[in-house]
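Peer 1: no sequence on hand, only this structure:
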């Protein structure tokens, strides 16, 4: 299972715009060393530059990301009741999003900005549902501690009672996070109760699919929206646009992988 996890990560990384462009550039330069293959090599170099340029354009970033964030309205308490009534919200789940512990740094500096955003939204929602547990997840990537523990510590620092938090320190991806939350709720006899899922808007479609596949009754609570109402029509590339395109492409690849596996129908 560990080998499969790392293989999936490696393949996914190689398919991202920047690594793919670098592979094309490196291969093209290698082939161009030979007189017989110079034209083919130069074509690969041109393809690498073209890929890097196109994926760094703000309009392309918008077109890749906007469909993932479409309709991702912010959470209000009424959403839990609209999901079918019945039991009260059992859990508010803030998914992991990056962990880099350094002694002396505040909690907000030991988890990524994306993780801070998710925890802050989870804390806001926790005030709307004072009886719901707050779950924070994410492994440590081989470092001391974990994303889940640091995120829960941050939630407590922001006002959530320590008795309400549940740490999931071992999940390495969204599918493992869903399984971990399902195990806890099953053990507590709360598997049929609503679960408020907090993650970035672009990640929400895939995350909700995986949580529902784990048998959880999901109420989406998207945050961290990036796309604007309209794209910025410019042909000047930017690193921000490249990062946005990369994040969106990661989500589209993830959804394609779930479709191939038959997850969620």
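Peer 2: Received, thanks. These figures come from a predicted structure and were not determined experimentally. Numbers count the residues shown, from 1 in each chain.
Peer 1: what about residue 193, neighbour count?
Peer 2: The number of residues packed near residue 193 is 18, by other Cβ atoms under 10 Å. In this view, the C-beta of every residue, glycine as well, is placed from N, C-alpha and C.
Peer 1: which element is residue 93 on?
Peer 2: Per DSSP states H and E: residue 93 is located in strand 91-94.
Peer 1: packing partners of the next helix or strand after that strand?
Peer 2: Heading C-terminal from strand 91-94, the first helix or strand you meet, by DSSP H and E, is helix 107-110. Using 3 or more Cβ pairs under 8 Å, 6 or more residues apart in numbering; DSSP states H and E, the elements in contact with helix 107-110 are helix 147-157.
Peer 1: partners of the helix or strand following the helix it packs on in the sheet?
Peer 2: Going down the chain from helix 147-157, the next helix or strand is strand 165-168, by DSSP H and E. In the sheet, strand 165-168 lines up against strand 133-137 (parallel) (DSSP bridges).
Peer 1: list of residues touching the partner strand?
Peer 2: Strand 133-137 has contacts (Cβ atoms under 8 Å, 6 or more residues apart in numbering) with 90-96, 119, 122-123, 126, 147-149, 151-152, 155, 160, 164-169, 171, 177, 180-181, 184.
Peer 1: restricted to buried residues, select the residues you listed in ChimeraX.
Peer 2: Here is the ChimeraX command that selects only those of those that count as buried (16 or more other Cβ atoms under 10 Å):
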select :90,91,92,93,94,95,96,119,122,123,126,147,148,149,151,152,155,160,164,165,166,167,168,169,171,177,180,181,184
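Peer 1: now do the SS call for residue 72.
Peer 2: Classification of residue 72 by DSSP: H, G, I helix; E, B strand; the rest coil places it in coil.
Peer 1: dump the residue contacts of it.
Peer 2: Neighbours of residue 72 in contact, by Cβ under 8 Å, 6+ apart: 201, 204, 220, 222, 225.
Peer 1: next, the last one: secondary structure please.
Peer 2: What it means is residue 225. coil.
Peer 1: isn't it right up against residue 199?
Peer 2: No. Residue 225 sits out of contact with residue 199 when judged by Cβ atoms under 8 Å, with a separation of 11.6 Å.
Peer 1: in strands, which of the contacts of residue 72 fall?
Peer 2: 220, 222 (DSSP state E).
Peer 1: can you lay out the contacts of residue 72 as a markdown table showing pLDDT, distance to residue 15 and neighbour count?
Peer 2: What follows is these, written out as a markdown table (pLDDT from 0 to 100; distance: Cβ to Cβ, whole Å; neighbours: other Cβ atoms under 10 Å):
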| residue | pLDDT | distance to residue 15 | neighbour count |
| --- | --- | --- | --- |
| 201 | 95 | 22 | 22 |
| 204 | 95 | 22 | 24 |
| 220 | 95 | 27 | 20 |
| 222 | 96 | 25 | 24 |
| 225 | 93 | 25 | 15 |
